[in-house]
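S.K.: have a look; sequence and predicted model below, questions after that.
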Amino acid sequence: MFKNLGKELRDFILRGNVMDMAVGIIIGAAFGKIVDSLVKDIIMPPIGFVLGKVDFSNLYVTLFPLGEKYDSLDAAAAAGAVTINYGLFINTIISFLIVACAIFALVKVVNTIKDKAIKEEKEEVAATEKECPYCCTQIPINAKKCPHCTSEL
């Protein structure tokens, strides 16, 4: 039973779609890190500055111990406080929206390319055929007589 397991595993891994999926996951992870940096390091600092020098990564509510104030989220975590980190949640939502927009743009481009290829393919077919003026069927462009209605063209 386990005799061919290594060969089967190798064949499975070397299949094209598995390799494509692996490459996609690796690129997706790298893209996620880029988007995280974009949100944390480029987008949120100006927004925080405009809103009164607010650091979104340090926005939180302390649940336990109730009423306790800490200088930062790191200080609260070090003290073992239970917090709701809504600033980090806002950063994550913005990251998601950026990734969603990028994926939407990518899918839009791919669909446009596919539609263009299909349209070109249909135009090639149309160039090799014409419509019979009498029976309205598609016939070869060089036909002198319609094979359907036998009319002279």
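M.R.: Received it, and whenever you're ready, just let me know what you need.
S.K.: now stretch 81-95: average pLDDT?
M.R.: Mean pLDDT, stretch 81-95: 94.
S.K.: could you do stretch 54-71 as well?
M.R.: 90.
S.K.: these two touch, right, Phe56 and Asn85?
M.R.: No - shown here, Phe56 and Asn85 do not form a contact pair, counting by CB atoms under 8 Å, at 10.0 Å. In short, each C-beta sits where N, CA and C put it, glycine included.
S.K.: so which of the two has more stuff around it?
M.R.: Shown here are Phe56 and Asn85; by other CB atoms under 10 Å, Phe56 has more neighbours (21 against 18).
S.K.: which strand or helix spans the closest residue to that one other than its chain neighbours?
M.R.: Leaving aside its sequence neighbours, Phe56 sits nearest to Gly87 (CB to CB, 6 or more residues apart in numbering; 4.1 Å). Here Gly87 sits within helix 86-128, counting by DSSP states H and E.
S.K.: tell me where the protein has helices.
M.R.: 5-13, 16-37, 44-50, 73-78, 86-128 (DSSP state H).
S.K.: out of the ones you listed, which is closest to Pro140?
M.R.: Pro140 lies closest, by CB to CB, to one member of the helices of the chain: helix 86-128, at 7.0 Å.
S.K.: between that closest one and helix 16-37, how many degrees?
M.R.: 130 degrees (axes from the mean of the first three to the mean of the last three CA atoms, to 10 degrees).
S.K.: which helices and strands does helix 86-128 pack with?
M.R.: Under the contact definition 3 or more CB pairs under 8 Å, 6 or more residues apart in numbering; DSSP states H and E, helix 86-128 sits against helix 16-37.
S.K.: and the angle from the helix it packs on to helix 5-13?
M.R.: Using the same axes, to 10 degrees: helix 16-37 against helix 5-13 is 60 degrees.
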